[in-house]
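Q: What follows is a predicted structure for the sequence shown.
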Amino acid sequence: TCSNAERPSLMGNKITRIVAVDPGLSGAIAHIDLCISAKGAPYFELVDVFDMPLKTVKVNRKPRQVIVPEELPALLGCGVRGRTHVIIEAVGAAPGQGVTSMFRFGYATGLVTGAFAGMGFTSETITPKLWQGILRVGKTDEEALDRVKLMFPQHVDKYFKRKKDHNRADAVLIGCAHGL
């Protein structure tokens, strides 16, 4: 069950919770509240960001990282149906990616989508090209990190200190683009 503190507010200036996902093994999940100022301008409050929950298993005697599906519902959070928007990045194969890696990526995306569906939420997708265009963010990891640090400077030390936190930045930016 969810406490009231975990639920997006239905009163005041918070109008909706956005749960945004950069899928895949190195992905992240961001919770963002879309708010309206007293003057009617939209703005975002970053609530939390999580790395994709992983564990190591042996596959053909080799260690492999896999998503821990039973941990997803807790990270996906508690929302209010009709007030929570779920957005997942829709990415495709990149040149040079192997069949196995693409299958694993698709499987990971399916786990996240299925977890949301099991909780009663529908999800939408957004392509990298679209969210990067909406926010005028370049394609590099550094550009995403730089943008999110400008947007949420109070959260840099907690979520965005490391170079590998670009997946967290992507999740946040995916949510913000969806909210605009």
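A: On my side now, so go ahead. Keep in mind it's a predicted model, so treat the numbers as computed, not measured. Residues are numbered from 1 along each chain as shown.
Q: give me the element the most centrally placed residue in the chain is part of.
A: Centrality entry for the chain: nearest residue to the mean C-alpha point is residue 21, 2.5 Å, by CA atoms, centre = their mean. According to DSSP states H and E, residue 21 maps onto strand 14-22.
Q: pretty sure residue 22 is touching residue 165, no?
A: No: counting by CB atoms under 8 Å, residue 22 does not reach residue 165; the two are 11.0 Å apart. (C-beta placed from N, C-alpha, C; glycine too.)
Q: quick one on the thing from earlier: partners of the helix or strand following the strand holding residue 21, with directions?
A: Following strand 14-22 in sequence order, the next helix or strand is strand 28-36 (DSSP H and E). Within its sheet, and counting by DSSP bridges, strand 28-36 is paired with strand 14-22 (antiparallel), strand 42-51 (antiparallel).
Q: Could you point out which of the ones you listed sits nearest residue 106?
A: Checking the strands paired with strand 28-36 against residue 106 by CB to CB gives strand 14-22 as the closest, at 13.9 Å.
Q: outside of the closest one, which residues touch it?
A: Contacts to strand 14-22, defined as CB atoms under 8 Å, 6 or more residues apart in numbering, come from residues 7-8, 27-36, 45, 47, 76-77, 79-80, 83-89, 112, 116, 121, 167-168, 170-172, 174-176, 178-179.
Q: Can you show me the strands along the chain?
A: Ranges of strands in the chain, per DSSP state E, are 14-22, 28-36, 42-51, 54-59, 62-67, 84-89, 123-126.
Q: And the ones you listed: which comes nearest residue 104?
A: Comparing the strands of the chain by CB to CB, strand 62-67 comes nearest, at 8.2 Å.
Q: Parallel or antiparallel, list what pairs with the closest one.
A: strand 54-59 (antiparallel).
Q: Specify the helix with the largest residue count in this structure.
A: Counting by DSSP state H, the longest helix found in the chain is helix 99-118.
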